[in-house]
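Peer 1: Show me the folded form of this:
(2 chains)
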Amino acid sequence: GQQVMQIPQYQHVQEGEDFTTYCNSSTTLSNIQWYKQRPGGHPVFLIQLVKSGEVKKQKRLTFQFGEAKKNSSLHITATQTTDVGTYFCAGLTSGTYKYIFGTGTRLKVLA
Amino acid sequence: DVKVTQSSRYLVKRTGEKVFLECVQDMDHENMFWYRQDPGLGLRLIYFSYDVKMKEKGDIPEGYSVSREKKERFSLILESASTNQTSMYLCASSPYRGSSYEQYFGPGTRLTVT
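Peer 2: Predicted structure coming up:
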């Protein structure tokens, strides 16, 4: 069946360093969403990408959707302790409204 | 603000018990979802519903059933709880049937089956 893999599974960075998580789908996606889950919390929507090659920015966060619409990335510039949490991508296949979530990347930021 | 509430934050049940997890959303959303979250596996879809009395299986429906008698309420039922159903259960909702809108998650229910 359709799979969405995320790497890395864990990442520890020093505060101020950059961080990137990658999401890869086994099938072409119609769109992709990103969520953040703080420790002890629930996933919260960050952004949705729809177009091939799309790039969106939210302050220090940059999101990209691959040209083939099978992969995506989230890059955080100059991490802060408030960035701690698990980041999930969720891909939607054309013709369904069932999102497949990636396995998540847990980010720890060391002050 | 959209609010999705779940009936319990923590629940401990015995093997073989019937378990009901309730989810209520207050924004008149068409779509509702039940996921389970396990370390290293991310969120896996159990069932979803795009309308009252409508349901579709997700990726891991075995051992679960659902009920949606009212638009705002989506229940997950474990007919006979087993230890491998110990997990965090997350409910979510999103607006507009067939669309690709963001999902709003509830706080989750951590279920332990002993």
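Peer 1: what number of residues lie near A:Ile7?
Peer 2: Residues lying near A:Ile7 (other C-beta atoms under 10 Å in any protein chain shown) number 13. (C-beta placed from N, C-alpha, C; glycine too.)
Peer 1: is it true that it touches A:Asn71?
Peer 2: No - in this structure, A:Ile7 is not within contact of A:Asn71 by C-beta atoms under 8 Å, at 10.7 Å.
Peer 1: if I look at those two, which residues touch both of them?
Peer 2: Each of A:Tyr22, A:Asn24 lies in contact with both A:Ile7 and A:Asn71 under the rule C-beta atoms under 8 Å, 6 or more residues apart in numbering or on different chains.
Peer 1: element containing A:Thr62, please.
Peer 2: Element membership for A:Thr62 (DSSP states H and E) is strand A:61-65.
Peer 1: Show me what the mean pLDDT comes to for that strand.
Peer 2: Mean per-residue pLDDT for strand A:61-65: 98.
Peer 1: Contact residues of chain B facing chain A?
Peer 2: B:31, B:35, B:40-45, B:48, B:50, B:56, B:58-59, B:90, B:92, B:97-100, B:102-108 (C-beta under 8 Å from any C-beta of the partner chain).
Peer 1: Buried only: go through the residues you listed for me.
Peer 2: Among the residues of chain B next to chain A, the ones that count as buried by 16 or more other C-beta atoms under 10 Å in any protein chain shown are B:31, B:35, B:42-45, B:48, B:50, B:58, B:90, B:92, B:100, B:102-106, B:108.
Peer 1: Which other helices and strands does the strand holding A:Thr62 contact?
Peer 2: strand A:44-49, strand A:55-58, strand A:71-76 (3 or more C-beta pairs under 8 Å, 6 or more residues apart in numbering or on different chains; DSSP states H and E).
Peer 1: what comes up buried for the last one?
Peer 2: For strand A:71-76, the buried set under the neighbour-count rule, 16+ other C-beta under 10 Å, comprises A:Asn71, A:Ser72, A:Ser73, A:Leu74, A:Ile76.
Peer 1: Just put these in a markdown table and tack on distance to B:Val66 and pLDDT.
Peer 2: Below are those laid out as a markdown table (distance: C-beta to C-beta, whole Å; pLDDT from 0 to 100):
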| residue | distance to B:Val66 | pLDDT |
| --- | --- | --- |
| A:Asn71 | 32 | 96 |
| A:Ser72 | 30 | 98 |
| A:Ser73 | 34 | 98 |
| A:Leu74 | 32 | 98 |
| A:Ile76 | 36 | 98 |
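Peer 1: Right, I'll call it a day here.
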